[in-house]
Structure formats: structure tokens, C-alpha cells
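Undergrad: Structure of the sequence below:
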Amino acid sequence: AGIHRALGVHISKVKSTTMDNWEPRLVDFIESLGNERAKQIYEAKWTASVERPNGSASDRKLDSHIREKYEMKRWWSDPSLDT
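TA: Numbers count the residues shown, from 1 in each chain. Just a heads-up that it's a prediction; the model follows:
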């Protein structure tokens, strides 16, 4: 969560399901998108050569991967959501 917070709220919002207030429009969006669809969008151009960081990955490697995925949208593809 710390790495996502460091990206800034214009890229990634970290919210607690129990401690934060959720606006109804955000709940509706998250429910309509779902985890699987979000993964399909953010990993649409994923290839077998991309190494997914595991639990023992260094903070630097994890930070790099998360920035590539969410900030640079390296593997992103969804014409209906792309701006």
C-alpha cells in the first residue's frame, strides 16, 4: 500500500474497506469493473517474459513494477477506458 500511496492520488488511491468512507459513485465503479476486469485492462499486453514480483522481491523492484503498471501503463489496453 505504501508504494501505491507514493504514486499520488491522481494515479492510485488506497482506501481501507473498513476505515475510509467510500463515495457511492466510487463503490458503483469498483463493483462494475471488478478485480478480474481491472487485471485484464492493466495486464492486457502482458507477456510471459514479464516477471511478476513475488513476496520476496525488493522494495525497489516492487516499486519499479508498480510504476510501470499503473503510472506508465506499460501493459494497459482498453479502448473503452483509454483517454
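Undergrad: Touching the lengthiest helix in the chain from outside, list them.
TA: Ranked by residue count under DSSP state H, the longest helix found in the chain is helix 24-42. Judged by Cβ atoms under 8 Å, 6 or more residues apart in numbering, the contacts made with helix 24-42 from elsewhere in the structure are 69-70, 73, 75-78, 81. Where you see a C-beta, it was placed from the backbone N, CA and C, and this is true even at glycine.
Undergrad: And the residue nearest the centre of this protein?
TA: Among the residues of the chain, the smallest C-alpha distance to the mean C-alpha position (Cα atoms, centre = their mean) belongs to Tyr70, namely 5.2 Å.
Undergrad: from memory it sits against Ser12, does it?
TA: Yes: at 5.4 Å, Tyr70 and Ser12 qualify as touching, with contact defined as Cβ atoms under 8 Å.
Undergrad: Okay, now the unreliable bits of the chain?
TA: Within the chain, the ranges that satisfy pLDDT under 70 run 1, 79, 81-83.
Undergrad: Show me where it has its helices.
TA: Listed in chain order, the helices found in the chain under DSSP H are 2-7, 24-42, 59-66.
Undergrad: Pull the number of nearby residues for the nearest residue to Lys69 once chain neighbours are set aside.
TA: Once its chain neighbours are removed from consideration, Lys69 has its nearest residue in Tyr42; the separation is 5.8 Å (Cβ to Cβ, 6 or more residues apart in numbering). The local packing count at Tyr42 equals 17, with neighbours defined by other Cβ atoms under 10 Å.
Undergrad: got it, and the one 10 residues further on?
TA: Each residue near Arg52 was counted by other Cβ under 10 Å, and the total is 9.
Undergrad: Give me the phi and psi angles of it.
TA: Comment: the main-chain dihedrals of Arg52 come out as phi -80, psi 130, following degrees, to the nearest 10.
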